[in-house]
Every structure is written in C-alpha cells, then in structure tokens.
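Asks: return atomic coordinates for the entry below.
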Amino acid sequence: MITLRKAADRGHADHGWLKTHHTFSFSSYRDPAHVHFRALRVMNEDFVAPGEGFGTHPHDNMEIVTYVLKGALEHRDSMGNGEVLRPGEFQRMSAGTGITHSEFNPSPTEPVHLYQIWLFPAEKNIEPSYEQKRFDEAGRQNQLQLVASPGAENGALTIHQDAQIYLANLDDGQSAMHELAPDRHAWLQVLRGSVTLNDQQLQTSDGAAVSDESQLTITGNGPAEVMLFDLS
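Replies: Below is the predicted model:
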C-alpha cells in the first residue's frame, strides 16, 4: 500500500525570513492524521533568507538529519562542532541527553533550501553526537546510496534507530529498486523533479508512506532526486 502525501497538502508557515512546509505536525501546525510515520517524526522543507537562521535552541532524545539542496547552512552546537553544510553533504546529530545548537545562512545574498528531518531514537538518553559527510555523487546516480544506518555500513553515518536512509539521483526513464523485508515500511520524499513509485506519480516535494509492499521501483520522469527511508 502506497499513501501519497502531496506537497500542497502539507502545513505551511511564512515568517518572512523563513518559509517552511511541514509534512507532519510541527510547531503551530497540528494535524491528527499526520503526526508521524513509524519512527519518522518531522519532515520539514525550509527556505531561509540570506543572513538569517535559527538561533541557539535545545533538543533532546531525537535523531536529527539535515540535507541542503541549495545554498549553505552554518551549524554550531554545544558539543563544540562548527561546520558549514553544503549540497551533497549529509548531517546527522543525535540529541540524546540534550544539546543546544544554531543553524544560520552565512550568505549575504543567496537563500538556503534544505530539509530537516527528525526520527525518534531507538533508545533514550544516549550520549549526544554529531557527524557530517560528503558522499560521492556517482554512488547515487540511478541507484540508491546508503547515507545513514544503525551499522554505518559502507561508510554511511550512524543513526540510532532501526532505519536506513538512502539518496538517489535519477535520469529520465532510469530506475532504482529497493526490496522491503517483511514487516518493514518505507517513506519516499521527492526532493527535486518527478518520479513514479511503482504505479504512483509523485512530484517535487511530494512524499509517500509505504507498507505491505515487498519491492519498490522508483523511476525518474526527467531528472529527479529522492530520499528513501527504510523503517521498522
């Protein structure tokens, strides 16, 4: 079963400096039908104006992943990390027992377009940690590239949840396939372009919840970029 979450149906807020879209309930957006999917709690698509950002704020007991599509995002946290996240890089922060951090668009002229995603951790009150890595783009051309998993296989980042996260760039007419083990679920988020997921059409910023499917075929309808979550 594939259930679409169309981009236009998401929650939306315009704060001037921040334009944000919420797949699941977040902040002042409340939708009892869309609170979370499995361990996936937040799927926010953000557009941050030049020179603006999120001031220092706390998190705990959440796995937070960030992916920039355009522009740059400067990260600083209470663990002493200070990095700039750029397109093609993937960031994972485990808030665990508690951290504070800020995220800022360092450009005076260019907005930043990003996804920030939260997953419930498998275990509460772990030691906070942070990872950021650039993955070879060739490794996700017309195929799924593992970027985060509990076992950090093949150089992936470590995520403290029974979840695997993949990225793929698809050419027109090219497909990436993924097998789902029994009792596994998936979420597909279209970052750019248009794809067909099995027999379902998805456009830019659409998402899809997947259950009771054994195999997924993701086909590009023109150039496309997707993020796939394999979830317990």
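Asks: isn't residue 210 up against residue 179?
Replies: No. With contact defined as C-beta atoms under 8 Å, residue 210 does not reach residue 179; the gap is 12.0 Å. C-betas here are computed from N, CA, C, even on glycine.
Asks: show me how this protein divides into domains.
Replies: The chain breaks down into these domains under automatic domain parsing: 11-134, 137-231.
Asks: does the residue nearest the centre of the chain belong to a helix, a strand or coil?
Replies: Nearest residue to the geometric centre of the chain (C-alpha atoms, centre = their mean): residue 117, 4.6 Å. The three-state label given to residue 117 by DSSP: H, G, I helix; E, B strand; the rest coil is strand.
Asks: show me what it bridges to in the sheet.
Replies: residue 43, residue 65 (DSSP bridges).
Asks: quick one, what contacts it?
Replies: Contact analysis of residue 117 by C-beta atoms under 8 Å, 6 or more residues apart in numbering lists 40, 42, 43, 44, 64, 65, 66, 67.
Asks: the fourth one: neighbouring residues, count only.
Replies: The reference is to residue 44. Residue 44 has 21 neighbours, counted by other C-beta atoms under 10 Å.
Asks: wait, it touches residue 116, no?
Replies: Yes. Between residue 44 and residue 116 there is a contact at 4.9 Å, judged by C-beta under 8 Å.
Asks: residues shared between the contacts of the two?
Replies: With C-beta under 8 Å, 6+ apart as the test, residue 44 and residue 116 reach no residue in common.
Asks: returning to what we had before: which one of the domains of the chain lies closest to residue 4?
Replies: domain 137-231 (5.4 Å; C-beta to C-beta).
Asks: of residue 210 and residue 179, who's got more company?
Replies: Set side by side, residue 210 and residue 179 show more neighbours around residue 210, with 24 against 10, by other C-beta under 10 Å.
Asks: and the closest residue in space to the more buried one that isn't next to it in sequence, what are its bridge partners?
Replies: Computed as C-beta to C-beta, 6 or more residues apart in numbering, the closest residue to residue 210 that is not its neighbour in sequence is residue 186, at 4.0 Å. Beta-bridge partners recorded for residue 186 (DSSP bridges): residue 210, residue 230.
Asks: do I have it right that residue 186 meets residue 228?
Replies: Yes. At 6.3 Å, residue 186 counts as touching residue 228 under the criterion of C-beta under 8 Å.
Asks: any idea how many residues pack against residue 180?
Replies: Neighbours around residue 180, by other C-beta under 10 Å: 17.
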